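S.K.: Structure here, sequence nowhere to be found:
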């Protein structure tokens, strides 16, 4: 598919989605949300794609937030609709059934930070800056930031960032758990590709099921979450890939996954 604000490249089992508005630091406008939705629906339905990378065009920004011109034009009703739209698209990314790796190549602020948090894993360059500065605009993080950030880094640390609008460097983001790795700029996409390749080598049904188990169980009481885990474990135990995986291990050979 051809997009105006995105680049989408598929190389074997790894797809790369690039926010492509470098002139405005890849700000997220309504069209970008529409295109992200279309791209992730297509990629989620492509059985050949196993891992999705998300990054920003240029060297300055992953995404520097929502389009301020669009925000300035909102009122109570349209603001609610705008937040719900962003939440819907980021939730699609979060639950697309495939690992999504945010490759944070610069500023990840506001909606950009929220996009990164909706991804499965987050890698950042050493010069990246992250934050939720919405309070400086008289707003709150509206695309899931007030909900995902406390779940990722804890309530108190999240509130400090959400209430002050502080922009933190990549090293601090790593320390508090907002990102998973910090790498030199020239290593960002190669490191993401390495990580993606290590996931691709695993059983595809098991990868998807692991994401499902964490997602479904994260808000449950531990006993209920254990039941979800057992249900999914049992489902996998009846698959051809489980038979192949255990047989290959016993025969001391690499497994040949079929996704069945």
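M.R.: All right, it came through fine. Owing to the predicted nature of the structure, the values given are computational and were not obtained by experimental measurement.
S.K.: gap between residue 113 and residue 91?
M.R.: 16 Å (CB to CB, to the nearest Å). Any C-beta I mention is one placed from the backbone N, CA and C, and that applies to glycine too.
S.K.: Which residue of those two possesses the greater neighbour count?
M.R.: Remark: of residue 113 and residue 91, residue 113 carries more neighbours, 34 against 13, as counted by other CB atoms under 10 Å.
S.K.: Now the one helix or strand the more buried one maps to: buried residues?
M.R.: Under the criterion of DSSP states H and E, residue 113 resides in helix 111-118. Across helix 111-118, burial judged by 16 or more other CB atoms under 10 Å covers 111, 112, 113, 114, 115, 116, 117, 118.
S.K.: cool, and stretch 196-205?
M.R.: 196, 199, 200, 202, 203, 204, 205.
S.K.: ok, now stretch 15-25?
M.R.: For stretch 15-25, using 16+ other CB under 10 Å, the buried residues are 15, 16, 17, 18, 19, 20, 21, 24, 25.
S.K.: Kindly reformat those as TSV containing secondary structure and pLDDT.
M.R.: Formatted as TSV, the buried residues of stretch 15-25 follow (DSSP: H, G, I helix; E, B strand; the rest coil; pLDDT from 0 to 100):
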residue	secondary structure	pLDDT
15	strand	98
16	strand	98
17	strand	98
18	strand	98
19	strand	98
20	coil	98
21	coil	96
24	helix	95
25	coil	97
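S.K.: Between those residues, which sits nearest residue 50?
M.R.: Lowest distance from residue 50 to the buried residues of stretch 15-25 (CB to CB) belongs to residue 15, with 8.7 Å.
S.K.: show me what contacts the closest one?
M.R.: Going by CB atoms under 8 Å, 6 or more residues apart in numbering, residue 15 touches 8, 9, 43, 46, 49, 51, 52, 53.
S.K.: distance of the third one from residue 52?
M.R.: So that's residue 43. Distance of residue 43 to residue 52, computed by CB to CB: 6 Å.
S.K.: Overlap of the contact sets of these two?
M.R.: Contacts common to residue 43 and residue 52, judged by CB under 8 Å, 6+ apart, are 15, 17, 96, 98.
S.K.: Could you measure from the second one over to residue 166?
M.R.: With distances defined as CB to CB, the gap from residue 17 to residue 166 amounts to 28 Å.
S.K.: The last one too?
M.R.: Separation of residue 98 from residue 166 (CB to CB): 32 Å.
S.K.: The first one too?
M.R.: With the distance defined as CB to CB, residue 15 ends up 33 Å from residue 166.
S.K.: What of residue 57?
M.R.: For residue 57, the distance to residue 166 - CB to CB - is 26 Å.
S.K.: Just want to know which of these two has more residues nearby.
M.R.: The residue with more neighbours, out of residue 57 and residue 166, is residue 57; 19 against 14, by other CB under 10 Å.
S.K.: Spit out the contact partners of the closest residue in space to residue 27 that isn't next to it in sequence.
M.R.: Leaving out its chain neighbours, the residue that sits closest to residue 27 by CB to CB, 6 or more residues apart in numbering is residue 67, at 4.7 Å. If you count contacts by CB under 8 Å, 6+ apart, residue 67 has them with 24, 27, 28, 29, 30.
S.K.: coming back round to it: closest one of the buried residues of helix 111-118 to residue 73?
M.R.: Distance to residue 73 across the buried residues of helix 111-118 (CB to CB) is lowest for residue 111, with 15.9 Å.
S.K.: From residue 229, how far off is the closest one?
M.R.: 33 Å.
S.K.: And the strands in the stretch 151-260 of the chain?
M.R.: 167-169, 181-183 (DSSP state E, counting those that start in this stretch).
S.K.: Dump these into TSV; add distance to residue 253 as well.
M.R.: Listed next are the strands of the stretch 151-260 of the chain as TSV, based on distance: least, CB to CB, whole Å:
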stretch	distance to residue 253
strand 167-169	46
strand 181-183	31
